[in-house]
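1. The following block contains a protein sequence and its predicted model.
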Amino acid sequence: MNITAADSNSRTISGRIVAFEEAANASTGKVVFAKGSITPAPVKLNLEHDRTRPIGKTLDMTLDGEAINATFKITNTTAGTDALTEAMDGLRDGFSIELSVNDYTMEKDGTMRVLAGELTGVALVTEPAVRSARVSEVAATEGEEIAEEISDSTVEAEVTPTTEGDEVDNTVTNAETVLTVEAAQSVTAATTKVGGSFTKPRLDTRPETYLFHQINASLRNHDSVDSIHYIQAAADTTDNAGLIKTPQLQKVINGLSSFVRPTIEAISSEALVADGMTFEIPKITQAPTAGIVAEGSAFTETDQNSAFISVSKQKFTAQQKFSVELFTLSNPAFYTQVIRNMNAAMATKQDAYANSVLVSNATADTTTLTTYPTATELLGFVARGASSVYENTIGLPNPFAVNMIGNTKQWSNIISLNDNGRPIYAASNPMNAGGQVSTRARRGMVVDMDFFVTANTAATTDTDGSLLIVNPDAYTWYEDPSMYQLRAESTADGSITLGLYSFGAVAVNIAAGAYKINKA
């Protein structure tokens, strides 16, 4: 939202802090807040989710059904003033809520759907999780000077009124504040003109603090260096281990696990029955036939036969074991990441299992390919696969080869296919295009089939099944998201075991509804 000045006599920031039913990226991954899951409450406005740096408090908060909008009164501190300036300049113009989740469900794609939660705070951030949660209004006191930012954090100085010609000292109102400022931050020590004279800063008189501010002022070329001596120090940060604070961000980078399940996305899905470790699906094994007969001749007769497809449930598990000390002393974000990564590992295993079922049951191409397919060979494979799938799934409502699944090496090969240097599948809107496969998306199109890239199979080998053509209705993935179970147990040695398990199954409705590349 555009930033506008609403009231020149108040220091306020207003806007949407959260939108319901809008996808967001939180510390737990994808999250959606259900309508009515959050109740407005008066909370503090923090800076970038740092609860030790509040800059304001709730002035007004309203629920309009689709979102929550709020107005915050910004404190008259340097940090508050900086926040107003950054919001007006569009540098820090986002809101992000801080929530204690009481009830939630997990969607099939790994999205956490929050059903109930308690609002514990709101943060002013540079990049909000919910894209629409932007600052809409900023109002600063009329005539207020927004000081030029000298450092990340400043300590306010209290000036005693003086008569003209007198010289007095500024007094730091809270000496402890100086001690908690991070090494990357500095204390503002600007000369203030009073009644034609000036006041000079008086910092904490302890030697180590005095040295810190003198060096800091000289490095940043503050005006205060005119009234203090330069002090040279030969030591650097490597010589003072433990004295220089190393900040650790809450952001966690994980390039090893994912909730993406391309094979499961490429086949049909249904809810898993609750009872038993196996279930059965009736299937026609012999359909009635018709014939042309002469007048008075007997009718053509072929008895219909059926049998049951037996489907076995698979149990998918993940477990983590850690000490009671780690459990007791860790930040809650640790558990969030552990559970999230266990879910991601389970999703990867489920997709790999589904892919293995397709590969083991699919019809092998009648033509053997010894290398990655050329453009001509790929078209031949698609043509043969489409024909085979159609012939074998003719009785299904949609008997066509709709999807293609390929591992990352096959994806790379398809991107490289070209006609005299002109990309066949990676070009942007070319004439007579064979499809659209992009390096920026795991979904594409190859010869009118949706293409799914999977990294959950053997990506480094060019094997049978590295390319699959499938009719989605020929294979079905069964699962019940509500059956995801989390168990925590404390053992005699003081450790804690955290276990996660679920059940899933793949039904092979028509095996020949899948067609695989033949690399034998």
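-> It's in.

2. Tell me what Asp12 is bridged to.
-> Not quite, residue 12 is Thr, not Asp. Counting by DSSP bridges, Thr12 is bridged to Lys73, Ala139.

3. what about it, distance to Lys519?
-> 66 Å (C-beta to C-beta, to the nearest Å). The C-beta positions use only the backbone N, C-alpha and C, and glycine is treated the same way.

4. same check, this time on Thr120
-> Counting by C-beta to C-beta - Thr120 and Lys519 are separated by 56 Å.

5. swap in Ala492?
-> According to C-beta to C-beta, Ala492 and Lys519 sit 52 Å apart.

6. More neighbours: those two, which one.
-> Taking other C-beta atoms under 10 Å, Ala492 and Lys519 do not tie; Lys519 has more neighbours (18 against 5).

7. Report pLDDT for the more buried one.
-> Lys519 carries a pLDDT value of 83.

8. Contacts only, for it.
-> Thr368, Leu369, Thr370, Asp462, Thr463, Asp464, Ser466 (C-beta atoms under 8 Å, 6 or more residues apart in numbering).

9. Narrow those residues to just the buried residues.
-> Leu369, Asp462, Thr463, Asp464, Ser466 (16 or more other C-beta atoms under 10 Å).

10. now those residues as TSV including distance to Gly56?
-> Shown next, in TSV, are the buried ones among the contacts of Lys519 (distance: C-beta to C-beta, whole Å):
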residue	distance to Gly56
Leu369	65
Asp462	59
Thr463	60
Asp464	62
Ser466	56
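
11. which one of those is nearest Glu301?
-> Asp464 (41.3 Å; C-beta to C-beta).

12. ok, now how distant is the residue lying closest to the closest one once chain neighbours are set aside from Val273?
-> In space, and not counting its chain neighbours, Asp464 is closest to Lys519: 5.1 Å by C-beta to C-beta, 6 or more residues apart in numbering. To Val273, Lys519 is 37 Å away according to C-beta to C-beta.

13. who's Ala507 bridged to?
-> Thr476.

14. Is it in contact with Pro282, as I believe?
-> No. Using C-beta atoms under 8 Å, Ala507 makes no contact with Pro282, being 11.8 Å away.

15. Now list whatever residues contact both of these two.
-> Joint contacts of Ala507 and Pro282 (C-beta under 8 Å, 6+ apart) are Ile309.

16. higher neighbour count, these two?
-> Neighbours per residue, other C-beta under 10 Å: of Ala507 and Pro282, the larger number sits with Ala507, 21 against 9.

17. Contact partners for the more buried one?
-> So Ala507 contacts Ile281, Ile309, Val311, Tyr475, Thr476, Tyr478 (C-beta under 8 Å, 6+ apart).

18. And the pLDDT for Pro262?
-> Pro262 is assigned 92 on the pLDDT scale.

19. Just give the number of residues close to it.
-> Neighbour tally, Pro262, other C-beta under 10 Å: 22.

20. which ones are touching it?
-> Asp351, Ile405, Arg442, Phe452, Val453, Thr454, Asn456.

21. from those residues, which has minimum pLDDT?
-> Pick the lowest pLDDT in the contacts of Pro262 and you get Arg442, at 77.

22. re the thing from before, so which of the contacts of Pro262 is the most crowded?
-> Ile405 (29 neighbours).

23. So which helix or strand of the chain has the lowest pLDDT on average?
-> Every helix and strand of the chain was ranked by mean pLDDT, DSSP states H and E. The lowest is helix 175-180, at a mean of 32.

24. got a list of what the closest residue to Leu119 other than its chain neighbours touches?
-> Distances taken as C-beta to C-beta, 6+ apart place Ala41 nearest to Leu119, at 4.8 Å, with adjacent residues excluded. Contacts for Ala41 (C-beta under 8 Å, 6+ apart) come out as Thr58, Met61, Glu118, Leu119.

25. beta partners for the first one?
-> This means Thr58. Bridge pairing for Thr58 - DSSP bridges - gives Phe72.

26. Please report the distance of it from Leu47.
-> 15 Å.

27. My guess is Ala83 contacts Asn46. True?
-> No. Applying C-beta under 8 Å as the test, Ala83 and Asn46 come out as separate, 10.3 Å apart.

28. out of the two, which sits in the busier spot?
-> Ala83 (26 against 20).

29. Quick check: that one is in a strand.
-> No. Using DSSP: H, G, I helix; E, B strand; the rest coil, the assignment for Ala83 is helix, not a strand.

30. which residue sits closest to it, ignoring its sequence neighbours?
-> Ile55 (5.0 Å).

31. Specify the residue ranges that define each domain of this protein.
-> With domains defined by automatic domain parsing, the chain comprises 12-139, 157-239, 262-518.

32. out of the ones you listed, deepest packed?
-> Comparing these by mean neighbour count (mean count of other C-beta atoms under 10 Å), domain 12-139 comes out on top with a mean of 18.

33. That one - what's its average pLDDT?
-> For domain 12-139, the per-residue pLDDT averages 83.

34. what stretches of the stretch 401-520 of the chain score poorly on pLDDT?
-> Applying pLDDT under 70 to the stretch 401-520 of the chain flags the ranges 427-433, 458-461, 482-484, 490-491, 520.

35. So for Ala83 and Asn46, which residues contact both of them?
-> Ile55, Leu124.

36. Helix or strand: which one has Trp411?
-> helix 408-416 (DSSP states H and E).

37. whoops, Gly65 was the one
-> Here Gly65 is covered by no helix or strand, with elements defined by DSSP H and E.

38. what's the closest non-adjacent residue to it?
-> Per C-beta to C-beta, 6+ apart, closest to Gly65 is Lys35, 7.2 Å.

39. by contact count, what packs against the lengthiest helix in the chain?
-> Determined from DSSP state H, the single longest helix within the chain is helix 332-361. Counting contacts by 3 or more C-beta pairs under 8 Å, 6 or more residues apart in numbering; DSSP states H and E, helix 332-361 is packed against helix 262-266, strand 314-323, strand 467-470, strand 475-479, strand 495-508, strand 514-518.

40. Tyr425: which of these is closest?
-> strand 467-470 (13.4 Å).

41. Starting from the closest one, tell me which strands it pairs with and how they run.
-> strand 403-407 (antiparallel), strand 514-518 (antiparallel).

42. what's the angle between the first one and helix 408-416?
-> Our comparison of strand 403-407 with helix 408-416, counting by axes from the mean of the first three to the mean of the last three C-alpha atoms, to 10 degrees, yields an angle of 110 degrees.

43. Off-centre distance for strand 403-407?
-> Taking C-alpha atoms, centre = their mean, to the nearest Å, one finds the center of strand 403-407 at 25 Å from the center of the full chain.

44. could you give the angle of that strand to helix 332-361?
-> Going by the same axes, to 10 degrees, strand 403-407 makes 110 degrees with helix 332-361.

45. likewise the last one?
-> What separates the directions of strand 514-518 and helix 332-361 is an angle of 80 degrees, with the same axes, to 10 degrees.
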